[in-house]
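A.B. asks: take a look and give me a structure for this.
(chains A and B)
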Amino acid sequence: MRELDPRREISPDERMAVAAAREIHDGDVAFIGTGLPMVAAYLAKATHAPGVRLVFESGIVDPEPRELAMGVGDYKLAHGSTKIAGTAYALSLLQGGRVDIGFLGTAEIDAFGNLNSTVIGAYRKPRVRLPGSGGANDIASMAKRFVTICRMDRRRFVEKLQYLTTPGFLTGPGAREAAGLPGAGPVRVITDLAILGFDPETNRLRVEELYPGISLDAVRAQCGFDLGEAGSIGEAPVPTPGQLHLLRDVIDPEGIYIGPKRA
Amino acid sequence: MTSSGKLIPLEEVPRFFRDGMSLTAGGFAHSHQPMALLRELIRSGAKNLTLMGVAECWVAEFLAAAGVLDRAYFSNFMFEGFGRCRQFSEGVEAGRIEVEDHSHFGMVCRLQASALGLPFMPMRAMAGTDIVAVPGFEPAEEKSSFIASPFGNGHVTAVSPLKPDVAIIHAARADRLGNVQLFGTTSVVEEQARAAGTVIVSAEEIVETDVIRRQPELTIIPGLMVDAVVHLPYGAHPTGVYGYYEHDADHLGAYYAASRSSGDVRDFLRCWVRDMPDHWAYLDAVGMAKLMSLRTDPALGYARREGAHA
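C.D. replies: Take a look at the predicted model:
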């Protein structure tokens, strides 16, 4: 193993990638998008979850890429895949109950883990038009569980979404079942300050783990809604030298998704 | 039918286009978008178009930049590695382009309803969200309905069919009968071709039907669904075609920089679309050296990163 550069601090993206990798269980079928989820999935595969099978909405199933792809449509990602198909096929695996876990990013998130990736402002005359759901709504509706990865601040963690693109727990207990959504919903929200989960009684977000040096008050200050009473709070995982080596030297050596430039 | 079958030159394609038509286009991210057919569509002057799109971001962006896109039923338009589609997004923000949002699977299911000749398609996503609750230009009750299964085993979201007038698709190879083969990921072209009224395909290579018959499992669209075939090598440029060439990141980057200003984007379209006499002049302008540098390594299926092919 090459000696890690001691001057290079652990970046928030690296912490989030390690926390996201932990959510993947060995043997899972994981629906993966561009960016940190891709890095996290390959970290999991290289460590505790060698049996994970990855599915991408471009139609790539279980690939063995030799280089990190620039996106889910990148031809590098198709290398060594066990099946290559279309978008309809990949998404149908979600509806068929074949996908254990999916990862999402978001522009806004509310206390029930609902997400907005559609508009800032009014829907028909938005201030900012965002890219839209894509597969996000499908993953959140139909994967057995999902994890959201995003930085934490008051503009993102909001009391009321400007548009509900993607279902978390919708309006609370029982709402997903009433909407006929087959997946169990969100299990974790991984941020640069803390790792959050959901109260099983209320379905509302609560702090579960803090990164070293971050106080609960600091997290509350960056959240636009009441995070409720925290129970016992654990310590968020600190990337090990082995994980950092894999991230920096093997999975993303050019720093496409994680690296000093992005820190 | 003549010996050329469905094979037509690019300049004859505009007879399939008209003002106010709806269309759908193949491709995903920076892969196999029908860019040469799209440039011909813009040159034809057809306007007031409605796009029924899933992931054909470059098609949406160029139609928006050319000012000929009125409406879009879609699920996600963004440029992997660059960011949001600026001209499309600004068109929506300014009220020039009306939109109707879906999840990817929602769009796929609406196209599949047409493809399968059904009055609706049941599906399990989108329920409970603003995608079904907040209408764009289509009344919510005409888009979807939350219904009980007739068999008493749960509820589903029924979505109505979308039937595009025209599908434009770029593929790897085709024959004169319109049998079409595409390698790598296939985006939504199969469902789009089955849903559309008219299907126009451009291909990297025109091959004998015997070549198709030798590997029929690679055929993604059989000739019985195809109305016209155009031979357009590098017809997806600046996007890529799996097994042939990578997307042209420099060219896409130049467009993305130009898309910041309406003047620059107008100049870009004038240079690369409106004033371009034909596809061969376009390829000359891109340049042989650039085109060759994009060729994929047949063993890997992609081009090695810069520096790997000194």
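A.B. asks: from here on, contacts and neighbour counts on C-alpha atoms
C.D. replies: Fine.
A.B. asks: check contacts around residue 221.
C.D. replies: No chain in the question, so chain A it is. A:Arg154 (CA atoms under 8 Å, 6 or more residues apart in numbering or on different chains).
A.B. asks: sorry, should have said chain B
C.D. replies: Applying CA under 8 Å, 6+ apart, the residues contacting B:Ile221 are B:179-181, B:190, B:193.
A.B. asks: let's see that with 10 Å instead.
C.D. replies: With contact set as CA atoms under 10 Å, 6 or more residues apart in numbering or on different chains, B:Ile221 has these partners: B:171, B:174, B:178-182, B:189-191, B:193-194, B:199, B:201.
A.B. asks: okay, it and B:Asp264: tell me how far apart.
C.D. replies: As judged by CA to CA, to the nearest Å, B:Ile221 and B:Asp264 stand 38 Å apart.
A.B. asks: for A:Pro182, same thing?
C.D. replies: Distance from A:Pro182 to B:Asp264, by CA to CA: 47 Å.
A.B. asks: neighbour count: those two, which is higher?
C.D. replies: Neighbours of A:Pro182 and B:Asp264, each counted by other CA atoms under 10 Å in any protein chain shown, are more numerous for A:Pro182; the result is 20 against 14.
A.B. asks: who in the stretch 201-310 of chain B is up against chain A?
C.D. replies: Contact residues (CA under 10 Å from any CA of the partner chain) of the stretch 201-310 of chain B with chain A: B:240-243, B:245-247, B:296, B:299-305.
A.B. asks: which of the residues you listed are buried? Put it as a ChimeraX command.
C.D. replies: Selecting just the buried residues from those in ChimeraX takes one command, with 16 or more other CA atoms under 10 Å in any protein chain shown as the test:
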select /B:240,241,242,243,245,246,247,296,300,301,302,303,304
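A.B. asks: hmm, which of the residues of the stretch 201-310 of chain B next to chain A is lowest in pLDDT?
C.D. replies: Taken together, those show their lowest pLDDT at B:Arg305, with 65.
A.B. asks: so where do the helices sit in the chain?
C.D. replies: All of this is about chain A. A:12-22, A:36-46, A:75-78, A:87-95, A:136-142, A:175-178, A:216-221, A:241-245 (DSSP state H).
A.B. asks: wrong one, chain B
C.D. replies: Assigned by DSSP H, chain B shows helices spanning B:35-44, B:57-65, B:86-93, B:104-115, B:130-133, B:140-143, B:189-195, B:209-214, B:249-258, B:262-269, B:279-286, B:288-293.
A.B. asks: any chance of those in CSV, plus distance to A:Gly27?
C.D. replies: Shown next, in CSV, are these (distance: least, CA to CA, whole Å):
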stretch, distance to A:Gly27
helix B:35-44, 40
helix B:57-65, 34
helix B:86-93, 40
helix B:104-115, 25
helix B:130-133, 33
helix B:140-143, 38
helix B:189-195, 31
helix B:209-214, 38
helix B:249-258, 36
helix B:262-269, 48
helix B:279-286, 46
helix B:288-293, 40
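A.B. asks: most packed of the helices of chain A?
C.D. replies: helix A:136-142 (a mean of 31; mean count of other CA atoms under 10 Å in any protein chain shown).
A.B. asks: strands paired with the lowest-mean-pLDDT helix or strand in chain B, and their directions?
C.D. replies: Every helix and strand of chain B was ranked by mean pLDDT, DSSP states H and E. The lowest is strand B:83-84, at a mean of 94. Taking DSSP bridges as the criterion, strand B:83-84 forms sheet pairs with strand B:78-79 (antiparallel).
A.B. asks: pLDDT weak spots in the stretch 1-150 of chain A?
C.D. replies: A:1-3, A:6-7 (pLDDT under 70).
A.B. asks: swap in the stretch 151-263 of chain A?
C.D. replies: Judged by pLDDT under 70, the stretches of the stretch 151-263 of chain A that qualify are A:260-263.
A.B. asks: so who does the residue lying closest to A:Gly71 once chain neighbours are set aside touch?
C.D. replies: Using CA to CA, 6 or more residues apart in numbering or on different chains and skipping the chain neighbours, the partner closest in space to A:Gly71 is A:Thr34 (5.0 Å). Applying CA under 10 Å, 6+ apart to A:Thr34 gives the contacts A:56, A:69-74, A:103-105, A:257, B:80-81.
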